[in-house]
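Trainee: Mind looking at a prediction? Sequence and model below.
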Amino acid sequence: MGQKVPPGLIMRGNVWYVQKQIRKRRIRESCGTGSLAEAEKYLAHRIETIRQAAVYGVRPRHVFREAATRYVDEATKRSIKDDILHLRLLQPFIGDLFLEDVHMGTLQPFIQARKAQGLKKGMKKGVKNRTVNFGLQVVRHVLNLAASEWIDDGGQTWLAHAPKIKLLREDDKRDPYPLSWGEQARLFAELPQYLERAALFAVNTGCRDQEVCNLLWEWEVAVPALETSVFILPGPAVKNRMDRLVVLNRIASAVIEEKRGEHPTHVFSCRGRPLYSMYGTVWKNARERAGLPQVRVHDLKHTFGRRLRAAGVSFEDRQDLLGHKSARITTHYSRAELANLIAEANKVCEPESRKSPALVILKKKSHLAVVA
């Protein structure tokens, strides 16, 4: 007969795991061993640790996997999906370590693996320091929460103090690559129509990848006096968390009219489904065929900004048009301000006949009124 397994221990692969509720606290963590005898000792130790915390106020120990799970469950940030990706890549390296054992020393294997050949399936080379830092920033944030905000049943924080997680120098960071008109034509010619339209909109509005993919029809505000419309992006959909006015020049407006009616909620879609991201295999293959392997989707925003500057658009207007955070930007625009932004946005269109717009007052959509 095989040895009886105590309740709360399960085998995953060749490793025993604890999956048990102890004193109203749910424990799910690795024992770090394939030996049942050692796993039993580990379980007994965890039960005693939790008992001491409840009776004597001894701080219980938590593994990083447990802290990461709590962080994801409680997170409200818009980019939590990105953090989840980094946490998944971190798990094989520090997931089963106690929080007090997570520091720059134990993070070195993760850093070296990311820089050497990467951790994602199909990656042929490692990532840049900036990408590694994204993962380190998530670790630092989780440890800071454990040391300052997360309190156990005994009234103590999960971690006595957070270690210093030092970010890598980003001296290998790639510079922005604004496209010339010829390069834009080559790249866009290689994109399928659904992606080419999204890219054309981005390069004429300065919107980020996710701002384009998540653009909703309900955010459109008609401006009858100008025979056009604008979009008011709510703060949660914008990186800097501030409501953003997206002004449409002639090209962007033409794209919007072409997409109208294709999808009930989202402006940009493919085969009836909203775009998840512009940057994927289709984009990467297209830029290779165009001879522009270095171009990222974010370079479309850089291209818009560079063209605005080359056209003589003022720094303040460039901030407004690019959606940069500024104490000057408000949710109200006067007749002259809106007319000026539309005229400035049209300066990045390729030469063609231009039509002088009428003047209107535009205010934020939620409290937004359009006055002729």
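Mentor: Happy to help now that I have it. Computed from a prediction, not measured in an experiment: that's the story for all the values here. Numbering: from 1, shown residues only.
Trainee: Burial check on residue 112, number of neighbours?
Mentor: By the other CB atoms under 10 Å criterion, the neighbourhood of residue 112 contains 13 residues. For every residue, glycine as well, the C-beta is placed using N, CA and C.
Trainee: and what of residue 305?
Mentor: Per other CB under 10 Å, the neighbour tally for residue 305 reads 20.
Trainee: Nearest residue to it in space, please, no chain neighbours.
Mentor: In space, not counting the residues next to it along the chain, residue 305 is nearest to residue 322; the distance is 5.5 Å by CB to CB, 6 or more residues apart in numbering.
Trainee: swap in residue 272?
Mentor: Using CB to CB, 6+ apart, the nearest residue to residue 272 is residue 263, at 7.1 Å.
Trainee: my guess is that neighbour meets residue 269, correct?
Mentor: Yes - counting by CB atoms under 8 Å, residue 269 is a contact partner of residue 263 at 4.0 Å.
Trainee: what touches both of these two?
Mentor: Taking CB atoms under 8 Å, 6 or more residues apart in numbering as the contact rule, residue 263 and residue 269 have no neighbour in common.
Trainee: Let me see the domain layout of the chain.
Mentor: Under the assignment automatic domain parsing, the domains of the chain span 9-56, 64-148, 181-371.
Trainee: could you pull out the strands for the chain?
Mentor: Counting by DSSP state E, residue ranges of the strands within the chain are 9-12, 15-22, 25-30, 220-223, 228-233, 244-246, 269-270, 273-274, 332-333, 361-363, 370-371.
Trainee: what about the first one, distance to the chain center?
Mentor: Read that as strand 9-12. Between the centre of strand 9-12 and the centre of its chain there are 34 Å (CA atoms, centre = their mean, to the nearest Å).
Trainee: I'd like to know which elements it is packed against.
Mentor: For strand 9-12, the packing partners by 3 or more CB pairs under 8 Å, 6 or more residues apart in numbering; DSSP states H and E come out as strand 15-22, helix 36-56.
Trainee: Mean pLDDT lowest where, among the ones you listed?
Mentor: Taking each of the helices and strands packed on strand 9-12 in turn, the lowest mean pLDDT turns up on helix 36-56, with a mean of 80.
Trainee: which residues touch that one?
Mentor: In contact with helix 36-56 (CB under 8 Å, 6+ apart) are residues 3, 5-6, 8-9, 16, 18, 20, 22-23, 25, 27, 29, 31-33, 58-61, 152-154, 156.
Trainee: Could you tell me which residues make contact with residue 136?
Mentor: Contact analysis of residue 136 by CB under 8 Å, 6+ apart lists 107, 111, 165, 167-168.
Trainee: Pretty sure residue 199 sits against residue 275.
Mentor: No - Residue 199 sits out of contact with residue 275 when judged by CB under 8 Å, with a separation of 11.0 Å.
Trainee: Give the residue spans of the stretch 251-372 of the chain that score low on pLDDT.
Mentor: Residues of the stretch 251-372 of the chain that meet the criterion pLDDT under 70 lie in 325-336, 350-372.
Trainee: The stretch 1-150 of the chain now?
Mentor: Low-confidence segments of the stretch 1-150 of the chain, defined by pLDDT under 70: 1-2, 53-54, 56-58, 78, 117-125.
Trainee: Okay, residue 43 and residue 34: tell me how far apart.
Mentor: According to CB to CB, to the nearest Å, residue 43 and residue 34 sit 15 Å apart.
Trainee: Also residue 188?
Mentor: Distance, residue 188 to residue 34, by CB to CB: 55 Å.
Trainee: Which one's more surrounded, those two?
Mentor: Neighbours were counted for residue 188 and for residue 34 using other CB under 10 Å; residue 188 has more, 17 against 12.
Trainee: Pull up the gap between the residue lying closest to the more buried one once chain neighbours are set aside and residue 85, please.
Mentor: Leaving aside its sequence neighbours, residue 188 sits nearest to residue 196 (CB to CB, 6+ apart; 5.0 Å). Plainly put, residue 196 is 27 Å away from residue 85 if you go by CB to CB.
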